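1. Dropping the sequence and predicted coords here.
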Amino acid sequence: MKAFILDRYGKKQALRLGDMLEPVPGPEDVLIEVEAAGLNILDSKIRDGAFKPILPYKAPLVLGHDLAGLVISVGANVRRFKVGDAVYARPRDGQIGAFAERIAVKESDLALKPANLPMAEAASIPLVGLTAWQALVERAQIKPGQKVLIHAGSGGVGTFAIQLAKHLGAIVATTASAANVAMLRELGTDVVIDYRSQKFEEELSGYDVVLNSLDATTLEKSLKVLKPGGQLISISGPPDPAFAHAQGLNVVLRLVLRAMSAGIRRKAKRAGVDYSFLFMRADGEQLGHIAKLIEDGTIRPVVDRVFPFEQLNEAFAYIDTGRAKGKVVVTLK
Ligand SMILES: NC(=O)c1ccc[n+]([C@@H]2O[C@H](COP(=O)([O-])OP(=O)(O)OC[C@H]3O[C@@H](n4cnc5c(N)ncnc54)[C@H](OP(=O)(O)O)[C@@H]3O)[C@@H](O)[C@H]2O)c1
C-alpha cells in the first residue's frame, strides 16, 4: 500500500511517499481504508526525534495519529463494527500510521464517525477532542460557573477545548492574537486576551483551571491566574512523576522527569495549586461521546487547511509554522 514513510529521525525531515507492507490485523483489530488523516504537533515532535525516550518507534515508520475512513474487515473478536462502517480514531501509541492507505486499529480505540461530518472534518477531531475531554471532563471535572483559561485558543486543541468548556458551563478565557478574536468569540469564548499586546497574568484572576499548551514561561505565569485549590494542567510539559509512572518508564527516565518538573511542582505547591501533566490516550468510548456533541451541533470542527495526500510534506511545513487556525488534514479519497 502507499504510505508516507519516515526513513530516519531528523528535525523537519521530509517523509517519503512509498510502498509499505499491508497491516496485519489481529483478532481485536478493525482494518480501515483511510479516507482522511489529521496532522498533529505530536507527529512533528516524533519526526524530530523529541519523543524517542517516551515513544521509542524504530524507523522506518509511518506517522499519523488521526484518521477517518471505512471499515474493510474486522478481527474475529470484534463486536461493535462491521464492514462498511464510517469510523474515526486516534489509534493507540505503538499502533499509529494514519498517513497510509490502510491501518489496523483496536476496536476499543474506534468510534463511528459523526454522521454530519465529511471524512476530512472527522479526521481533524480525535486527538485534540480526546485531549480536551481528558483534561476538562476527566481530570478537571469542570462544573458550571467555573472559570477556565485555555491558552492558544486558535490552535487545534484550543478551538475544541473552548467549545467543550462552554458546553460544560464554564466561563472561558483564552490567549490568542488579534486576528483570531472574531473566530474565538464565535466559538463562545467569554474573554480573549491578545497575547501580543496584553499580559494575561495581569488581566485574569481567581480562575479554577488553566489548560496550558505553551512554553515554560507561560506555564509559570499561569499560576498567578489561579485561585488556591485551582488546577494547572499542562499538555506541553514538563512531564511529572505520575506520567512517568503511568508510562512505565525506567528508573533513569523517571528521575529525569521528576527533576524536569520539580520547579513548577514546587511553585504550584507554594501557590496552593495542583500541577499535573496530561498525555492523552486513545479511547473509542470517549470518541463516541464526542461524536454525539458534534452531531447535536454543540461542537463544530475548525479546519484551517485540507491538503491532498501527496502534499503531506507541505501540510507538515504549514503546521510547523505554529500559526495554524484549528486543524490541518490530508485527504486520500
Ligand atoms: N500532551 C498531550 O496529550 C497533547 C495533546 C495535544 C497537543 N499537545 C501539545 O499542545 C501544543 C498545542 O497543540 P495544538 O495542536 O493545539 O497546536 P497548534 O494547533 O499548532 O497551535 C497553533 C496555534 O497556537 C497559537 N499560538 C502560538 N503561540 C501562542 C501564544 N504565545 N499565545 C497564544 N496562542 C499562541 C497560534 O496562534 P497565532 O498564529 O495567532 O499565534 C496558532 O493558532 C503542542 O505542543 C502539542 O504537542 C499535547
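-> Thanks, I have the structure now. Bear in mind that the values here come from a model prediction, so they are computed numbers and not experimental data.
2. What about the nearest residue to residue 57 once chain neighbours are set aside, how many residues nearby?
-> Leaving aside its sequence neighbours, residue 57 sits nearest to residue 46 (CB to CB, 6 or more residues apart in numbering; 6.6 Å). (Each C-beta comes from the backbone N, C-alpha and C, glycine too.) For residue 46, the count of nearby residues is 22 (other CB atoms under 10 Å).
3. ok, now the one 3 residues further on?
-> Neighbour count for residue 49, taken as other CB under 10 Å: 14.
4. I figured it hits residue 6, correct?
-> No: counting by CB atoms under 8 Å, residue 49 stays clear of residue 6, with 10.1 Å between them.
5. got a list of what whatever residue of the stretch 151-300 of the chain ends up closest to the ligand touches?
-> Proximity of the stretch 151-300 of the chain to the ligand (CB to the nearest ligand atom) peaks at residue 155, 2.6 Å away. Contact analysis of residue 155 by CB atoms under 8 Å, 6 or more residues apart in numbering lists 213, 324, 325, 326.
6. and the ligand, which of the residues you listed reach it?
-> Counting by CB under 6 Å from any ligand atom, 213, 324, 325 from the contacts of residue 155 sit close to the ligand.
7. okay if I get the residues you listed as CSV plus neighbour count and distance to residue 30?
-> What follows is these, written out as CSV (neighbours: other CB atoms under 10 Å; distance: CB to CB, whole Å):
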residue, neighbour count, distance to residue 30
213, 24, 30
324, 21, 29
325, 20, 32
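8. okay, the residues you listed in CSV with secondary structure and pLDDT next?
-> Shown next, in CSV, are those (DSSP: H, G, I helix; E, B strand; the rest coil; pLDDT from 0 to 100):
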residue, secondary structure, pLDDT
213, coil, 98
324, coil, 97
325, coil, 98
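9. for the contacts of residue 155, which one is nearest the ligand?
-> Looking at those and their distance to the ligand, the nearest is residue 213, at 3.6 Å (CB to the nearest ligand atom).
10. my read: the closest one touches residue 233, true?
-> No: using CB under 8 Å, residue 213 is not in contact with residue 233, being 9.8 Å away.
11. How about the contacts made by residue 228?
-> Listed by CB under 8 Å, 6+ apart, the contact set of residue 228 reads 271, 272, 273.
12. In ChimeraX, how would I select just the buried ones from the residues you listed?
-> For the buried members of the contacts of residue 228, the matching ChimeraX selection, counting by 16 or more other CB atoms under 10 Å, is:
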select :271,273
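13. Let me know the closest of the contacts of residue 228 to residue 139.
-> Proximity of these to residue 139 was ranked by CB to CB; the top entry is residue 273 with 13.9 Å.
14. Might you report the residue contacts of the closest one?
-> Residue 273 makes contact with 223, 226, 228, 229, 230, 231, 232 under the criterion CB under 8 Å, 6+ apart.
15. What count of nearby residues applies to residue 184?
-> Residues near residue 184, counting by other CB under 10 Å, number 24.
16. what's the distance between the helix or strand where it lies and the middle of its chain?
-> For residue 184, the element it lies in under DSSP states H and E is helix 181-186. Put simply, helix 181-186 sits 21 Å off its chain's centre (CA atoms, centre = their mean, to the nearest Å).
17. Quick one: list the elements packing against it.
-> strand 191-194 (3 or more CB pairs under 8 Å, 6 or more residues apart in numbering; DSSP states H and E).
18. buried set for the strand it packs on?
-> Buried residues in strand 191-194 (16+ other CB under 10 Å): 192, 193.
19. With just CA atoms, put the helix or strand following that strand into CSV.
-> Using DSSP H and E, the helix or strand that follows strand 191-194 towards the C-terminus is helix 200-203. Output in CSV follows, covering the C-alpha atoms of helix 200-203 (Å, rounded to 0.1, in the frame of the first residue of the first chain):
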residue,chain,number,x,y,z
PHE,A,200,-2.9,37.6,30.7
GLU,A,201,-1.4,37.2,34.2
GLU,A,202,-2.4,40.8,34.9
GLU,A,203,-5.8,40.7,33.3
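20. and helix 200-203, what does it pack onto?
-> Using 3+ CB pairs under 8 Å, 6+ apart, helix 200-203 sits against strand 191-194, helix 216-222.
21. Can I get those in a markdown table including mean pLDDT and distance to residue 127?
-> As requested, those are exported to a markdown table (pLDDT from 0 to 100; distance: least, CB to CB, whole Å):
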| stretch | mean pLDDT | distance to residue 127 |
| --- | --- | --- |
| strand 191-194 | 98 | 24 |
| helix 216-222 | 98 | 21 |
